[in-house]
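J.: When you get a sec, could you give me coordinates for this:
(one chain, ligands or ions: 1)
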Amino acid sequence: MDSFLTYTSSTSRTTPPSTASYSSLISVIILSCYLFVVPIVSQKTHCRTACGDIPINYPFGIDDGCGSPYYRRLLICSETGTLELRTPSGRYPVHNISYADPHLLVTDPYMWNCQDMDHFRPTRAFSLDTSTHLSLSPQNDYLFFNCSEKDVIIEPKPIFCERFPDRCDSSCDSSSYLCRHLPECSSALRESSCCSYYPKATESLRMMLRHCTSYTSVYWRNVGTSEYDQVAEYGIRVDFDIPVTTHCLQCQDTLKGGGTCGFDPQTENFLCLCGEKNVTSYCKDYGTSGHSSAGVIAGTVTGVTAAAAIGVGAGIWFFKKVRAKAPVTCGVQTNENRLF
Ligand SMILES: *[C@@H]1O[C@H](CO)[C@@H](O)[C@H](O)[C@H]1NC(C)=O
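T.: Just a heads-up that it's a prediction; the model follows:
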């Protein structure tokens, strides 16, 4: 730096060739830092692992090509970090995802809540696409309000039915525990009737809603180790299954490189995402032909002129050559990374 400053302040009688190549080196470094580090960063964040404070792990992905193709385009992470589940009936905020006991908790703003009391807002039935690997959890209870008594069989059911709904008939239980103890607001309903019903599918939710003014979903959240330590909360529990494949297990294996399971967005074929490359096996498999992640970089520079693309190419070559020798700190010239 000193010599460079001395040179500019002195008279330019002679131009030492070494200084010229020195400054061109600096510009190459700066160029490569701008052109190359940006693709590297975007590649590292290619599969985001969280949305807000909700972890996003396999089989889910919020970036295309991440996770399992079964769950492609189901989760959307907004710029403000709120996660939403996309279903045929709309987009619903996701509150939590559990991977140990695989389920998502979603809320439906169109469902009845305590503030509504007897003033029912227009509602619509929550639905899930049955072709996905998502299903309504049997741990949900649905409460229907102000149902038409001529269309819906409303009758009190014995305790036995409350515990084993699948062994009881399909009437709507007017004496259910939840109707008598609405979570958070036990006395919110004054005039309207309430009954609890266990639909077998989302289609039957829709059928019920034709004859009832509103409904809500309550799920039982485990709070202790025993299955009886549960509290009722508003929300919809959606179960998912985690597709286990040997490909993905090998890819995630830390001894084999600890990659991220993903897929090719064009073909939906499995890919192991290894940061600097995507392979069809696992990250530390040097034998087979993995294909490099040129696609990722190409995607990042889409729209840039050909000249800039060539510049990136030169930057990659430059970066690889430098990295082979020493750790490089962008913009700082040390003896280790001096090339010319
Ligand atoms: C209850 O349902 C009936 C139709 O079955 C409707 O006329 C009435 O307005 C509903 N009550 C409320 C509070 O929405």
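J.: alpha carbons only for contacts and neighbour counts from here, please
T.: OK.
J.: distance of residue 68 from the ligand?
T.: Residue 68 sits 43 Å away from the ligand, going by Cα to the nearest ligand atom, to the nearest Å.
J.: List the residues that contact that residue.
T.: By Cα atoms under 8 Å, 6 or more residues apart in numbering, the contact list for residue 68 reads 58, 59, 60, 61, 243, 261, 262, 263.
J.: Next: residue 105.
T.: The contact partners of residue 105, taken as Cα under 8 Å, 6+ apart, are 94, 95, 96, 97, 235, 236, 237, 238.
J.: Need the nearest residue in space to the fourth one, chain neighbours excluded.
T.: What sits nearest to residue 97 in space, not counting adjacent residues and going by Cα to Cα, 6 or more residues apart in numbering, is residue 104, at 4.5 Å.
J.: residues touching that neighbour, list them.
T.: Residue 104 makes contacts with 94, 95, 96, 97, 98, 237, 238, 239, 240, as judged by Cα under 8 Å, 6+ apart.
J.: And residue 58, by the same measure?
T.: Residue 58 neighbours (Cα under 8 Å, 6+ apart): 67, 68, 242, 261.
J.: State the distance from it to the ligand.
T.: Counting by Cα to the nearest ligand atom, the gap from residue 58 to the ligand is 43 Å.
J.: tell me the SS of that residue?
T.: What DSSP: H, G, I helix; E, B strand; the rest coil gives for residue 58 is coil.
J.: if we can go back for a sec, which of the contacts of residue 68 are buried? Put it as a PyMOL command.
T.: Remark: buried members of these, expressed as a PyMOL selection using 16 or more other Cα atoms under 10 Å:
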select buried, resi 58+59+60+61+261+262+263
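J.: where does the residue nearest to residue 97 land in three-state SS?
T.: Per three-state DSSP, the secondary structure class of residue 104 is strand.
J.: If it is in a bridge, with which residues?
T.: residue 97, residue 238 (DSSP bridges).
J.: give the contact list for the residue of the stretch 151-300 of the chain found nearest the ligand.
T.: Residue nearest to the ligand within the stretch 151-300 of the chain: residue 213 (5.8 Å; Cα to the nearest ligand atom). With contact taken as Cα under 8 Å, 6+ apart, residue 213 is in contact with 120, 122, 123, 144, 145, 146, 147.
J.: what are the phi and psi angles of the residue nearest to residue 146 when sequence neighbours are not counted?
T.: Using Cα to Cα, 6+ apart and skipping residues adjacent in sequence, the residue nearest residue 146 is residue 193, 4.8 Å away. Residue 193 adopts backbone torsions of phi -80, psi 160, taken as degrees, to the nearest 10.
J.: Isn't residue 193 up against residue 148?
T.: No. If you go by Cα atoms under 8 Å, residue 193 and residue 148 don't touch, sitting 9.6 Å apart.
J.: ok, back up a step: so which two of the contacts of residue 105 are the farthest from each other?
T.: By the measure Cα to Cα, 97 and 235 form the most distant pair in the contacts of residue 105, at 12.9 Å.
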